[in-house]
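A.B. asks: Sequence isn't available, so here's the structure alone:
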């Protein structure tokens, strides 16, 4: 097994543990990653997941040595993606904790996550450009949506390396952490998200994701459907009562 799943305080940490190959993914590891996030999705004790890599590297992408030997998942969209979970749409958020390199398919894994926390020396890039290997884990879709078409085309066409600082500037990274602290920072953020009322958080998240595939009218109706479901859960009324009793005044309890 090269993928570890650990759950503590409502946060699941999924770790790619193959440091001798910079956590490159082959078919077996892709299946393990897919299984880990399927487990998280069905795990009622987990509210937020953090994806990271062992040994100071997030993920160097699909293992090109394995690819040269004939390994690669079929590209049928009904089958698992080459990197594992990147075609899954989970109902709960995932945060990438990036140390070292998140490149090629590893960058696509980071793009699949809802948020990215990167160490100050982290490096991103479509480095597979130099080998003629395509983006097939939704990188061509997610990257333009995250950072805009023009900047995404720069990264996709040139395959240049992007520092953590630049990644933060262009919106690829949400938070920066000191070297070696990406996982701790990501887990702290995950625990803050897990501390919020979960029905509203998950429904608002899903409405924001699904609107990409809808026209304005359909997206509005979808947001209302999720909003009504949240109201029907009783969670907003409970929250309003807590506020009326003095909880959360002056922005207390909000993630900084």
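C.D. replies: On my side now, so go ahead. Source: prediction; values computed, not measured.
A.B. asks: Off-centre distance for the helix or strand where residue 29 lies?
C.D. replies: Residue 29 is part of helix 27-42, with elements assigned from DSSP states H and E. Remark: helix 27-42 is offset 14 Å from the chain centroid, using C-alpha atoms, centre = their mean, to the nearest Å.
A.B. asks: Now do the buried residues in it.
C.D. replies: Neighbour-count burial for helix 27-42, counted by 16 or more other C-beta atoms under 10 Å, picks out 27, 29, 30, 32, 33, 34, 35, 36, 37, 40, 41. In short, each C-beta sits where N, CA and C put it, glycine included.
A.B. asks: and if you look at stretch 108-128?
C.D. replies: Neighbour-count burial for stretch 108-128 [16+ other C-beta under 10 Å]: 108-120, 122-128.
A.B. asks: Stretch 188-198 now?
C.D. replies: 188, 189, 190, 191, 193, 194, 196, 198.
A.B. asks: Which residues does the helix holding residue 29 contact?
C.D. replies: Helix 27-42 has contacts (C-beta atoms under 8 Å, 6 or more residues apart in numbering) with 1-3, 5, 12, 14, 16, 18, 25, 46, 49, 66, 71-73, 80-85, 88, 90-92, 94.
A.B. asks: now do stretch 204-212
C.D. replies: With C-beta under 8 Å, 6+ apart, stretch 204-212 has contacts from 89, 91, 93, 114, 145, 219, 222, 223, 226, 227, 230.
A.B. asks: how about a cut-off of 7 Å?
C.D. replies: Residues outside stretch 204-212 that contact it (C-beta atoms under 7 Å, 6 or more residues apart in numbering) are 89, 91, 93, 114, 145, 219, 222, 223, 226.
A.B. asks: any chance of the residues you listed in CSV, plus distance to residue 245, secondary structure and pLDDT?
C.D. replies: Formatted as CSV, these follow (distance: C-beta to C-beta, whole Å; DSSP: H, G, I helix; E, B strand; the rest coil; pLDDT from 0 to 100):
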residue, distance to residue 245, secondary structure, pLDDT
89, 37, coil, 94
91, 30, coil, 97
93, 28, coil, 98
114, 31, coil, 98
145, 40, helix, 96
219, 35, helix, 78
222, 33, helix, 82
223, 29, helix, 84
226, 27, helix, 84
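A.B. asks: Among those, find me the one that's closest to residue 157.
C.D. replies: Nearest to residue 157 among these is residue 145, at 17.2 Å by C-beta to C-beta.
A.B. asks: Count the neighbours of the closest one for me.
C.D. replies: Each residue near residue 145 was counted by other C-beta atoms under 10 Å, and the total is 12.
A.B. asks: quick one: the closest residue to it other than its chain neighbours and residue 84, what's the gap?
C.D. replies: Spatial nearest neighbour of residue 145, chain neighbours left out: residue 212 (6.5 Å); criterion: C-beta to C-beta, 6 or more residues apart in numbering. Separation of residue 212 from residue 84 (C-beta to C-beta, to the nearest Å): 22 Å.
A.B. asks: Those two: which is more packed in?
C.D. replies: Set residue 212 next to residue 84 and count neighbours by other C-beta under 10 Å: residue 84 wins out with 26 against 10.
A.B. asks: Phi, psi for that one please.
C.D. replies: phi 110, psi -90 (degrees, to the nearest 10).
A.B. asks: Kindly report the same for residue 224.
C.D. replies: Taking degrees, to the nearest 10 as the convention, residue 224 sits at phi -60, psi -40.
A.B. asks: Same question for residue 175.
C.D. replies: Taking degrees, to the nearest 10 as the convention, residue 175 sits at phi -140, psi 140.
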